[in-house]
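K.L.:
Would you be able to build a 3D model of this:
(one chain, ligands or ions: 1)
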Amino acid sequence: MKQINAREAVLEHFRWDGGHADVWAVFRDGAALAAVVRGLAEPFRRAGVTAVVGLESRGFLLGAAVAVQLGVGFVPVRKAAGLFPGEKLIRETDRDYRGLRHTLRLQRAALGERDRVLLVDDWIETGSQAAAVRELVLECGAGWAGCAVIVDQLTGRRRPALGPIHGLLRADELPAALHA
Ligand SMILES: O=P(O)(O)OC[C@H]1O[C@H](OP(=O)(O)OP(=O)(O)O)[C@H](O)[C@@H]1O
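P.N.:
Below you'll find the predicted structure:
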């Protein structure tokens, strides 16, 4: 498979549809998906990461792929619905980019004090969901390695606590023509 640059891969395949970002379109192309996964993993290869955490739903796909790149396991954070066995830690988020609050769940046995955790997601905007994930991770006694995201649109107060944040692109780098 031809190797392409992660940023170029996103810019080529990313779509706006009815005013909404369609990040799934990036994943349909095998070379683009591979480039994005490598690009997300790269800044954290020597960061001592022992586990990747991913948020339902796109964070599941990307997080598991980045975990394989880093040679570590994947830990899911699920939203309210869906079977999720065992003891859970639970956090309510502040309002996210859609004005919604979510109930996030993490299996208590998934992480411990020896872990250093990287959050992988497609997009960060208000950081409300990432902040709740970080609280869950810390409640397990694990350390925080930062965030790897495709699009970094985070401004404001949450940035220092969630960092380092490595984004492949800033939201203002996405082609304006595609906003239509
Ligand atoms: O920075 P915030 O304002 O908290 O928003 C970022 C989160 O929102 C999106 O997920 P979404 O809730 O749309 O779920 P999805 O992946 O199932 O579409 C995105 O994948 C992040 O997880």
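
K.L.:
Identify the bridge partners of the residue nearest the centre of the chain.
P.N.:
Residue closest to the mean C-alpha point of the chain, counted by Cα atoms, centre = their mean, is D121 at 1.5 Å. Per DSSP bridges, the residues bridged to D121 are V149.

K.L.:
Next one: it from the ligand, what distance?
P.N.:
D121 sits 5 Å away from the ligand, going by Cβ to the nearest ligand atom, to the nearest Å. C-beta here means a position set from N, CA and C on the backbone, and glycine is covered the same way.

K.L.:
Which secondary structure state does L136 sit in?
P.N.:
Using DSSP: H, G, I helix; E, B strand; the rest coil, the structure places L136 in helix.

K.L.:
Run a quick check on it versus L106, I expect a contact.
P.N.:
Yes. Using Cβ atoms under 8 Å, L136 makes contact with L106 at a distance of 4.3 Å.

K.L.:
Common neighbours of these two, please.
P.N.:
V77, L89 (Cβ atoms under 8 Å, 6 or more residues apart in numbering).

K.L.:
mind listing what R28 touches?
P.N.:
So R28 contacts H13 (Cβ under 8 Å, 6+ apart).

K.L.:
Likewise for G146?
P.N.:
Counting by Cβ under 8 Å, 6+ apart, G146 has contacts F44, A47, L118, L119, L162, G163, P164, I165, H166.
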